[in-house]
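Undergrad: need a structure here:
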Amino acid sequence: MNFLRAVNKDQEPSQVEMSNVIRLALGIFLSLCSALLLTLSMPPYGIWPLAVIGFLPMILAQYRILPDKISSLASALTIGGLVGFYIMDAFLNLPGAPWYMRFLPILFGVFVLVTDSRTRAFHEKTEYRWFVINGSICWVGVEMIRSLIPVLGTWGFIAYSYFKQAWLIQPSSIFGIFGLSLVNMVLSYTLGLGLLRWFDKRWWLDPDVTRIDDLRAKHWLIGTGFLVLSWVGLSLLQIQPQMAPNLRVAAVQTGFKSLWTETEIAENYLSHERYEEIYAQHYQILLEQTRDIQGTNAEIIVWPEGAVNFDPQIDHTIELKDLAAELNAFLVIPYGVDYRNEVTVLAPDGTFLGVYGKNHPVLFVNEKSDTHGIYPTYQTSLGEIGTIICYDLDFTDTARKVAKSGADLIAVPSGDWPGIADKHYAHLVFRAVENRVAMIKADRSYDSAIIDPYGRILSIVSKTDANNATLVADVDLVDNDTIQQNLGDWIGWMSLGGLVFFAILTPIIMSKKK
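TA: Predicted coordinates for the structure are as follows:
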């Protein structure tokens, strides 16, 4: 075996003899490196440049290192590894999670292995003219499909890598989270094309490989550079400095899970004999913790998902009305009664403004919601208030529909578990930017956050151990009529159309003789 060695650019590339075993081992190593790098780009790590360069080892493995017939093993290992490292880390330790959740990395890997099996041959035959477009469109098209699946939603979207980079994500109000994913993937595959060209100038493992044209690589680098600069420039133009905020809000996190033993949680605390006792205790904690907010002058106070196990419009009504009047604040009160996972807003004058039912119940833990399907908002002296609940955050439609109904601010009660406590609030950032609304997430035990309409995290607590906290912050309410809000996931749908186009084009091209 000859080792890879550099040559002068005036020389022909060096042919390298390498056994298939070595190529396989190197290809697997590079693919798993991509999976690891992409995982580190995601929350909570947030090393966002890895969202771009993390794909490069996979691209090199798929298009140059691995033998042609097993080239899709690279993308299969990268995607399966990413699902295993990132998504499964969030869901594996969830009590009640169904058996099939444990096999998602394998299922994703096998799906990619099969569907991507002709991609390298397609690009070889078309001399890589579709390389960047195909890779980018197909990735975002698959993200669009995933966003429509109840057990997946937007978990693991590549754009979430940028959740702390408010200066970069503002065009999401026009193009949505799918637009940022598309720009990321165009940049990744453009750099990948350049990497392949660099490799081709030095070595080849397969004598009949189609080498990347210099001019094509340069054109893509120039065009993509212009695209990225345009995106950044638009983002910097859109983001506004933090002015004097006009509304003070609060999120109450009670450490609810700490009231249960680990055994009771594992046995499903919702059906445990101490259920009523614990909820009565939790209700008193809520009242006490909320009264402690009085000195802060918070005008909207959000409680966590399922804060009480009774309908506040029927039970404890006088006590809750007195509390709202005492604090002179709007109380966002979530409750769970007879499979009704709902939230109501209680005004300081004692008026219940309406009810919202959770639109995306967590199906894999047998959660139900019998009152979903409507998206009310409530006009108040402070602005128009809307509500969604927990898993609704993981989909783009709920926040969009509430904002389109007129909400200036969206309250988000949630009941997360430890595995997602350091990741879930990142979704909140993008729902805020997409719709230009302030968002207040009050979690039961782990991760609460207050986000302004530009995706800036104003206050946050995120711990994997159940703890109590009270967040208070001042937010702006801004004009929130966005293109993304009105057109929906239009980049996602266009990418899905592109995915279908390539699914049709590939067999047509492959059937033609050279």
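Undergrad: mind listing the strands for the protein?
TA: Applying DSSP state E to the chain gives strands spanning 14-15, 203-204, 247-254, 300-302, 330-337, 340-346, 352-357, 377-380, 383-387, 409-414, 438-443, 447-451, 457-462, 468-475.
Undergrad: so for the first one, mean pLDDT?
TA: Read that as strand 14-15. Mean pLDDT, taken over the full extent of strand 14-15, equals 71.
Undergrad: over to the fourth one?
TA: Model confidence over strand 300-302, given as mean pLDDT, is 98.
Undergrad: packing partners for that strand?
TA: Strand 300-302 makes packing contacts with strand 247-254, strand 330-337, strand 409-414, strand 438-443 when contacts are defined by 3 or more Cβ pairs under 8 Å, 6 or more residues apart in numbering; DSSP states H and E. Just so you know, the C-beta spots here come from the backbone N, C-alpha and C atoms, and that holds for glycine as well.
Undergrad: got the angle for the second one vs strand 247-254?
TA: Using axes from the mean of the first three to the mean of the last three Cα atoms, to 10 degrees, the direction of strand 330-337 lies 30 degrees away from that of strand 247-254.
Undergrad: which residues sit against strand 330-337?
TA: Here strand 330-337 makes contact (Cβ atoms under 8 Å, 6 or more residues apart in numbering) with 290, 299-312, 320, 323-324, 341-348, 380, 382, 385, 387, 389, 411, 413, 440, 442.
Undergrad: only whichever of those residues are buried, select them in PyMOL.
TA: In PyMOL, this line selects whichever of these come out buried by 16 or more other Cβ atoms under 10 Å:
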select buried, resi 290+299+300+301+302+303+304+305+306+307+308+309+311+312+320+323+324+341+342+343+344+345+346+347+348+380+382+385+387+389+411+413+440+442
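Undergrad: how far away is the closest residue to K321 other than its chain neighbours from R291?
TA: Nearest non-adjacent residue to K321, counting by Cβ to Cβ, 6 or more residues apart in numbering: G350, 4.1 Å away. Distance, G350 to R291, using Cβ to Cβ, to the nearest Å: 17 Å.
Undergrad: can I get the strands of the chain in TSV with distance to L229?
TA: Below are the strands of the chain laid out as TSV (distance: least, Cβ to Cβ, whole Å):
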stretch	distance to L229
strand 14-15	36
strand 203-204	33
strand 247-254	35
strand 300-302	39
strand 330-337	42
strand 340-346	43
strand 352-357	41
strand 377-380	38
strand 383-387	36
strand 409-414	32
strand 438-443	30
strand 447-451	27
strand 457-462	26
strand 468-475	31
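Undergrad: for the ones you listed, which one sits closest to A121?
TA: With distances scored as Cβ to Cβ, the stretch of these nearest to A121 is strand 203-204 (16.8 Å).
Undergrad: could I get the helices and strands packed on strand 300-302 as a markdown table with distance to L30 and mean pLDDT?
TA: As requested, the helices and strands packed on strand 300-302 are exported to a markdown table (distance: least, Cβ to Cβ, whole Å; pLDDT from 0 to 100):
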| stretch | distance to L30 | mean pLDDT |
| --- | --- | --- |
| strand 247-254 | 42 | 96 |
| strand 330-337 | 47 | 95 |
| strand 409-414 | 38 | 97 |
| strand 438-443 | 38 | 97 |
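Undergrad: redo the ones you listed as a markdown table? Include distance to V228.
TA: Converted to a markdown table, those look like this (distance: least, Cβ to Cβ, whole Å):
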| stretch | distance to V228 |
| --- | --- |
| strand 247-254 | 35 |
| strand 330-337 | 40 |
| strand 409-414 | 31 |
| strand 438-443 | 28 |
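Undergrad: low-confidence stretches in the stretch 301-450 of the chain?
TA: 364-366 (pLDDT under 70).
Undergrad: if we use 90, what do you get?
TA: 338-340, 361-373, 417-422 (pLDDT under 90).
Undergrad: ditto for the stretch 101-250 of the chain
TA: 101-108, 149-152, 155-156, 202-210, 240-246.
Undergrad: got the residue ranges for the helices in it?
TA: Ranges of helices in the stretch 101-250 of the chain, per DSSP state H, counting those that start in this stretch, are 104-115, 119-125, 131-147, 166-169, 172-200, 214-238.
Undergrad: any idea which of those helices is most buried?
TA: Ranked by mean neighbour count, the helices of the stretch 101-250 of the chain are led by helix 172-200 with a mean of 23 (mean count of other Cβ atoms under 10 Å).
Undergrad: same for it, what does it pack against?
TA: Checked by 3+ Cβ pairs under 8 Å, 6+ apart, helix 172-200 has helix 50-53, helix 56-60, helix 131-147, helix 214-238, helix 425-435, helix 483-487, helix 490-511 packed alongside it.
Undergrad: re the thing from before, the helices of the stretch 101-250 of the chain: which one's closest to Q15?
TA: Checking the helices of the stretch 101-250 of the chain against Q15 by Cβ to Cβ gives helix 172-200 as the closest, at 12.0 Å.
Undergrad: circling back to that earlier point, closest one to F108 among the helices and strands packed on helix 172-200?
TA: Per Cβ to Cβ, nearest to F108 of these: helix 131-147, 9.7 Å.
Undergrad: just send the helices and strands packed on helix 172-200 back as TSV, with distance to R23 too.
TA: Putting the helices and strands packed on helix 172-200 into TSV (distance: least, Cβ to Cβ, whole Å) gives the following:
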stretch	distance to R23
helix 50-53	22
helix 56-60	12
helix 131-147	21
helix 214-238	24
helix 425-435	37
helix 483-487	44
helix 490-511	23
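Undergrad: nearest to D474, of those?
TA: The closest of the helices and strands packed on helix 172-200 to D474 is helix 425-435. By Cβ to Cβ, the value is 15.2 Å.
Undergrad: a markdown table for the helices of the stretch 101-250 of the chain, including distance to A25?
TA: Below are these laid out as a markdown table (distance: least, Cβ to Cβ, whole Å):
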| stretch | distance to A25 |
| --- | --- |
| helix 104-115 | 18 |
| helix 119-125 | 19 |
| helix 131-147 | 25 |
| helix 166-169 | 37 |
| helix 172-200 | 18 |
| helix 214-238 | 28 |
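Undergrad: out of the ones you listed, which comes closest to L38?
TA: helix 172-200 (9.9 Å).
Undergrad: and the angle for that closest one with helix 490-511?
TA: Using the same axes, to 10 degrees: helix 172-200 against helix 490-511 is 30 degrees.
Undergrad: got the angle for helix 172-200 vs helix 131-147?
TA: 140 degrees.
Undergrad: what sits up against stretch 60-80?
TA: So stretch 60-80 is contacted by 20, 23-24, 26-28, 30-32, 34-35, 38, 55, 58-59, 105-106, 108-110, 112-117, 119-121, 123-124, 192, 195-196, 199, 205-206, 209 (Cβ under 8 Å, 6+ apart).
Undergrad: from F310, how far out is the closest residue to G223 other than its chain neighbours?
TA: Sequence neighbours aside, T190 is the residue nearest to G223 in space, at 7.9 Å (criterion: Cβ to Cβ, 6+ apart). Distance, T190 to F310, using Cβ to Cβ: 57 Å.
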